[in-house]
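Undergrad: quick one: sequence plus predicted model below, questions after.
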Amino acid sequence: MLKIDKERELENMKNEAQKIHNEKMEELQKKTDEITDSSKSRVEAETQRIVDHFEKQLATKNEAYEMISQAIEKAKSELEEATKEHEAELASIIAKNDQVLAEHTKILVEKDKALEIEVESLQKHFDMLKKKQRELEPELEQKWGVRKEELDKIFDEEDLKLSKEISDRMNIIPQLKTTIQSLEKDIENQKENALVMQRNQLEELQKQLEDEKRNRDLKIEKAREEITAKYEGKVAQLQSNLATLQQSIESDRQDFASRAEDKLGKHQKRLETIREEHLKRVAELNAEIDNINAEIERTKEDWEQQKKEISDNYDRDITDISHKESKDDKYFEAKLAALKTELQHVLEENSKLLQDEKDKDEAEKERLMTEQNLQQEEKNLTDRLNVELENKVNEKVNEKMQELRKKHEKEREELLLEAKRLEEKETELENKVQLEGEKAIENSQKTPAQLFASAGYMDAQIDKWRESYFVETKNLKHEEAEALKQLDNCKFEFKEAVNRTVSLKNQLKESTVQYEAALLAAKEEGAEEIEHLRHIVEMKEKEIVELERQFDENEVEVRKRIRMIEQAEDKLNTLRGKLAEEKSKIKEVIKKEYQPLIHQEQRRSEVMVSELEKLRNELELSVEYMKNDLYGIETSNAAMEEDLKKETEKIVAKLHEDLKKKYSQEEEVFVGEMSKIELEKLGQVNEEISKLDNDVESIRKKRQEEIDVEQAKYKEQVSKLNNECIKLLTKNSELKQQIKELKEKKCEVCPVLEKNLKKLEKILVKMQIQDRDLALDGQNKKDMIHKLGNPKPKLPPMKPM
């Protein structure tokens, strides 16, 4: 009976265990169905809510922003894809759970069949043993009684232990409930604290963002004010410098005009005085020539009178000689001897005069030779002076070029420093933006969630904005570079014009000096040289007029260059104003368009994070319930406790592993996508930076090439001006040398003529005295008639002196 009772108890226990197991399985199936239904309903509700939200946004923003409508459609499509993916994932999870449950049920059925087979085998074995025991019943009854008592005692003890354990466990249950409630409260408090902390952090971040924006605005305004102040100061300095230059140029022009007028007046006065002196000198020379001609005529008349007197006296003497031949012969002999001596003296003087003429020719030849030698020496001196002048001019030009290069390098360094400062400020702002983006990414990684808004659209908008910003900055920089080039060109041209004016001033000074020297030389030269100098003076006056015309043209060019500089400065100011306006517009666009999107995305991320946390908590609770249910099943199914424990632990471990793998994979995918996006953005930024560097280098190279070309042009112009200056200097030096030679030149013929004239005068005086003192006797006349014959032949006429 006891055996039958035990068998019945075992069967009852088995049936109860099967019923409990079936009930637990049904409860688990219901819970899984409820979880799936709840997740589907939540997902559907969430999708419906999001769809409604985006439809409202579409309804509100379709009127004004077509781009936002397209973005919302894209976001809607992405949300639908995300919901489909979530549904597919949930369907796959449900299918996997169904497969796991089917496999578990199959395993349990197989185990039930195996247990039934074992029960049948045990039943058969029990029947066999029962037969054997019936055979051994009397002996075994005694043993059974003893064993029964022992087992009853053991059973009673075990019953007491079980009852105590049950009572203890029942006492532990309320404690566990209280602990669970306290833990739930703690979890809720922690959630609330976390939400509060997150809200506080978001508020702090928003405050930090606002402070940073204010600081950026202040820094940008300060930088803009500093830059504007610097450029205004520079512009004021340039304007003041231009004003001073204009004043100096006007004062120089006025001084030059006044000096030119004074010099012209002085030159006219000098010309008048020179003309008067020349006329006086010519009149004096003409008077001297007239006096000399008059003296010659007088001497001729005296000679004729003397000849007449001699002829008369001769006739008288002839009449007297007829009576006094003896005396006359002696007289005539003496007279002939005297005349012969006189003729010899005259012939000697004539030969001397011929020799003097030959000496004059030789002197002229020597003078020509000396002039040629002097010309060669002058050429050598001019070459030396030209070389020295070229060296000096080259040294001065090199010094001026070095000064100009230093000034240009200083200005270029200042511009580069300003550009570097602006680039550093831009890099600081970009670094701050990147830090903010990294902070946002870190926050998103700390609270991983899938954003329903399209990150691609946001990135595309940001890229478009950046591209437009970089294009505008490039255009503005290009315009600034062109304006700076125009400024530099205007500066170079202004400097060239100033140098031209200086060179023209020097040329005017040199021409005035030459003019004065020519006038001074003209005082000492003859009429032909005066006419030549008049021609030179007229040429110089023409050159002065041309130089004045060139000076006026240079002044006009300088004014044009000043206007060009002012226009370039106006362009720079307009470009700076455009930059400031574009920056303000960009800031306003960022504030208007992107800040609400950022706030919306933050809110969405917060909502999704809270929902994911809820789902996690629900899943954790469901897992805990499953664990508790499995623990109850294990406790109730003592016979199948170990197998069920192992199986349930495996199932739970698999679920944990699958869930961990899924969530870890999702996190890794999300982190990888974000890292890829970051790397792509960094690559784009680096590429843009490299492009900007290449553009800057190309602009610098072009600028350097243009500077080299302009310097070469400037050098060519300087060399041309130097050559012209050297030519003018050589001409001036030659003219000066000629003037000096003409001044130093001495008339070699004049003193000889004066000496000969004095000698002739003395000889004439002596001859007149001798003729007056000469007296012929009758004997002399007779002798002369006897020797010469009668009638007396006429004497040959005397050579004119």
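TA: Okay, I see it. Here the structure is a predicted model, which means the values were calculated and not measured. Numbering: from 1, shown residues only.

Undergrad: and the helix or strand Val709 falls within, what's its mean pLDDT?
TA: If you go by DSSP states H and E, Val709 is part of helix 641-744. Averaging pLDDT along helix 641-744 yields 71.

Undergrad: do the same with stretch 545-553
TA: Mean predicted lDDT for stretch 545-553 stands at 69.

Undergrad: equivalent analysis for stretch 585-598, please.
TA: pLDDT averaged over stretch 585-598 gives 65.

Undergrad: what do you get for stretch 304-315?
TA: 66.

Undergrad: in the chain, which helix or strand is least confident?
TA: helix 778-788 (a mean of 60; mean pLDDT, DSSP states H and E).

Undergrad: so what pLDDT did Gln247 get?
TA: Value for Gln247, per-residue pLDDT: 72.

Undergrad: same check, this time on Glu528
TA: 66.

Undergrad: and the one 3 residues further on, by the same measure?
TA: We note a pLDDT of 67 for Glu531 in this prediction.

Undergrad: before we move on, what about the one 3 residues further on?
TA: Reading off the per-residue confidence, Arg534 sits at a pLDDT of 67.

Undergrad: how many neighbours does Glu210 have?
TA: 10 (other CB atoms under 10 Å). In this view, the C-beta of every residue, glycine as well, is placed from N, C-alpha and C.

Undergrad: same check, this time on Lys740
TA: Counted with other CB under 10 Å, Lys740 comes out at 14.

Undergrad: likewise for Ala17?
TA: Neighbours around Ala17, by other CB under 10 Å: 16.

Undergrad: separation between it and Arg8?
TA: 15 Å (CB to CB, to the nearest Å).

Undergrad: one more: Lys661?
TA: For Lys661, the distance to Arg8 - CB to CB - is 49 Å.

Undergrad: following the chain past the host helix or strand of Leu28, name the next helix or strand.
TA: Taking DSSP H and E as the criterion, Leu28 maps to helix 2-61. Sequence-wise, the next helix or strand downstream of helix 2-61 (DSSP H and E) is helix 66-135.

Undergrad: looking only at pLDDT, what's the mean for that next one?
TA: 72.

Undergrad: likewise for stretch 290-301?
TA: On average, stretch 290-301 scores 71.

Undergrad: ditto for stretch 159-173
TA: Stretch 159-173 comes out at a mean pLDDT of 74.

Undergrad: just use 58 as the starting number from now, easier for me
TA: Okay, residue one is now 58; in that scheme the one you just asked about reads as stretch 216-230.

Undergrad: pull out the buried residues from it.
TA: Residues of stretch 216-230 include none that count as buried (16 or more other CB atoms under 10 Å).

Undergrad: using CSV, write out every CA atom in it.
TA: Output of stretch 216-230 as CSV, limited to C-alpha atoms (Å, rounded to 0.1, in the frame of the first residue of the first chain):
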residue,chain,number,x,y,z
ASP,A,216,9.1,17.8,6.5
LEU,A,217,10.1,19.9,9.4
LYS,A,218,13.0,21.3,7.5
LEU,A,219,10.9,22.0,4.5
SER,A,220,8.2,23.6,6.5
LYS,A,221,10.8,25.8,8.2
GLU,A,222,12.4,26.7,4.9
ILE,A,223,8.9,27.5,3.4
SER,A,224,8.2,29.7,6.4
ASP,A,225,11.6,31.3,6.2
ARG,A,226,11.1,31.9,2.4
MET,A,227,7.6,33.2,3.0
ASN,A,228,9.1,35.6,5.6
ILE,A,229,11.8,36.6,3.1
ILE,A,230,9.3,37.4,0.3
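
Undergrad: just give the nearest non-adjacent residue to Ile708, would you?
TA: Val157 (6.4 Å; CB to CB, 6 or more residues apart in numbering).

Undergrad: swap that for Asp169, sorry
TA: Gln75 is the one closest to Asp169 (CB to CB, 6+ apart), at 7.9 Å.

Undergrad: now for the one you found, how many residues are close by?
TA: 14.

Undergrad: next: Arg99.
TA: 14.

Undergrad: report the separation between it and Glu668.
TA: Distance from Arg99 to Glu668, by CB to CB: 8 Å.

Undergrad: ditto for Lys163
TA: For Lys163 relative to Glu668 (CB to CB), the value is 36 Å.

Undergrad: now Ile164
TA: 36 Å.

Undergrad: what's the answer for Glu222, then?
TA: Glu222 is 43 Å from Glu668, by CB to CB.

Undergrad: try Asn813
TA: Asn813 is 142 Å from Glu668, by CB to CB.

Undergrad: go on, Glu763?
TA: 64 Å.

Undergrad: now Lys777
TA: On the measure of CB to CB, Lys777 and Glu668 end up 85 Å apart.

Undergrad: got it, and Val253?
TA: Val253 sits 18 Å away from Glu668, going by CB to CB.

Undergrad: same check, this time on Glu112
TA: For Glu112 relative to Glu668 (CB to CB), the value is 20 Å.

Undergrad: kindly report the same for Gln86.
TA: Following CB to CB, the distance that separates Gln86 from Glu668 is 26 Å.

Undergrad: now do Asn246
TA: 20 Å.

Undergrad: for these two, indicate the residue with more neighbours.
TA: When neighbours are counted by other CB under 10 Å, Glu668 comes out ahead of the other of Asn246 and Glu668, with 14 against 10.
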